[in-house]
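Undergrad: Kindly return the folded structure for what I paste below:
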Amino acid sequence: MSNRAPFQDSGSQRNPKPSQVRTSVQHLDIYELIRRDLSYGAFAPGQKLPIRMLAERYGTGLMPVREAVQRLAAERALSVVANKTVRVPLLSRDAFQELLTSSLMIEKLALADAMSSGIAIAEEA
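TA: Here you go, the predicted model:
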């Protein structure tokens, strides 16, 4: 039988240090900033994005940028090539066509929804 109190930390699962928590928060902030800049076209397709350059741009250290880049690469918002070079992915003609088709379908649905809502509102008045 163990002399430890129930729920006592056994040491194998330690609470994160404040610096680790801060890095996690920074990673989320940097992730959001890079994602926003990607969606607004701040980086050109095919452009190399050195980790140091991103760290300087967002005023943070290398680790939060690396974590954010890993997450964005997993989402295919960035591509990482064999020598760990980070790039903004190029959009193929097929991917562009798929994006355009999807956008048009969404616009049609939104228009149909707005028209049916407008008709219902006009009928109630």
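Undergrad: Let me know the pLDDT of Thr23.
TA: For Thr23, the model assigns a pLDDT of 48.
Undergrad: from what I can see Tyr49 touches Leu38, true?
TA: Not Tyr; residue 49 is Leu. No. Taking CB atoms under 8 Å as the definition, Leu49 is not a contact partner of Leu38, at 9.5 Å. In this view, the C-beta of every residue, glycine as well, is placed from N, C-alpha and C.
Undergrad: okay, and the common contacts of those two?
TA: Leu78, Val88 (CB atoms under 8 Å, 6 or more residues apart in numbering).
Undergrad: Which of the two has more residues huddled nearby?
TA: Leu49 (22 against 16; other CB atoms under 10 Å).
Undergrad: and that one, how far is that from Met63?
TA: Counting by CB to CB, to the nearest Å, the gap from Leu49 to Met63 is 16 Å.
Undergrad: now swap in Leu109 and tell me
TA: 42 Å.
Undergrad: more neighbours, those two?
TA: Each of Leu109 and Met63 has its neighbours counted (other CB under 10 Å); Met63 has more, 14 against 10.
Undergrad: mind listing the strands in this protein by residue range?
TA: With DSSP state E as the criterion, the chain has strands at 79-80, 86-87.
Undergrad: Quick one: distance of the last one to the chain centre.
TA: Distance, stretch centre to chain centre, for strand 86-87: 15 Å (CA atoms, centre = their mean, to the nearest Å).
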